[in-house]
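*Asks:* Structure for this input, please:
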Amino acid sequence: MLATILSLAAEGGEEAAETVNPVLPTGPELFWGALFFAALWILMRYVLLPPVRAVMRQRDEQRVPVVVVEVPPDRIGQSNPRRP
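*Replies:* A predicted model of the protein is given here:
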């Protein structure tokens, strides 16, 4: 029994020497991350954004045009250009 515990402890020591970086993704994590990123991009690009763009385009078409008032050159710089 003691020999088994010592051999397991020795093996555990070898595994402890090999460090695993939890920040770096493994191969399967990269695969699934890339797959779901592509799926989300396709969903956003072709399904979710077109209705939003249509509403934005419709809102731009309904926008009231800005009226530009021309100020005579002799009135430029006055606080109230409508008053003589």
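*Asks:* okay, CA-based contacts and neighbour counts for the rest of this
*Replies:* Fine.
*Asks:* Please state the offset of stretch 63-76 from the chain centre?
*Replies:* Put simply, stretch 63-76 sits 41 Å off its chain's centre (CA atoms, centre = their mean, to the nearest Å).
*Asks:* same deal with stretch 20-29?
*Replies:* Counting by CA atoms, centre = their mean, stretch 20-29 is centred 22 Å from the centre of its parent chain.
*Asks:* Dump the C-alpha coordinates for stretch 44-55 into PDB.
*Replies:* What follows is stretch 44-55, C-alpha atoms only, in PDB (Å, rounded to 0.1, in the frame of the first residue of the first chain):
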ATOM      1  CA  MET A  44     -25.900  39.500 -37.700                       C
ATOM      2  CA  ARG A  45     -24.900  40.400 -41.300                       C
ATOM      3  CA  TYR A  46     -27.700  38.700 -43.200                       C
ATOM      4  CA  VAL A  47     -30.600  38.300 -40.700                       C
ATOM      5  CA  LEU A  48     -30.500  40.900 -37.900                       C
ATOM      6  CA  LEU A  49     -28.900  44.000 -39.500                       C
ATOM      7  CA  PRO A  50     -31.000  44.400 -42.700                       C
ATOM      8  CA  PRO A  51     -34.200  45.300 -40.800                       C
ATOM      9  CA  VAL A  52     -32.300  47.800 -38.700                       C
ATOM     10  CA  ARG A  53     -30.700  49.400 -41.900                       C
ATOM     11  CA  ALA A  54     -34.200  49.500 -43.500                       C
ATOM     12  CA  VAL A  55     -35.600  51.500 -40.500                       C
END
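*Asks:* I'd like the average pLDDT over it.
*Replies:* The average of the pLDDT scores along stretch 44-55 is 96.
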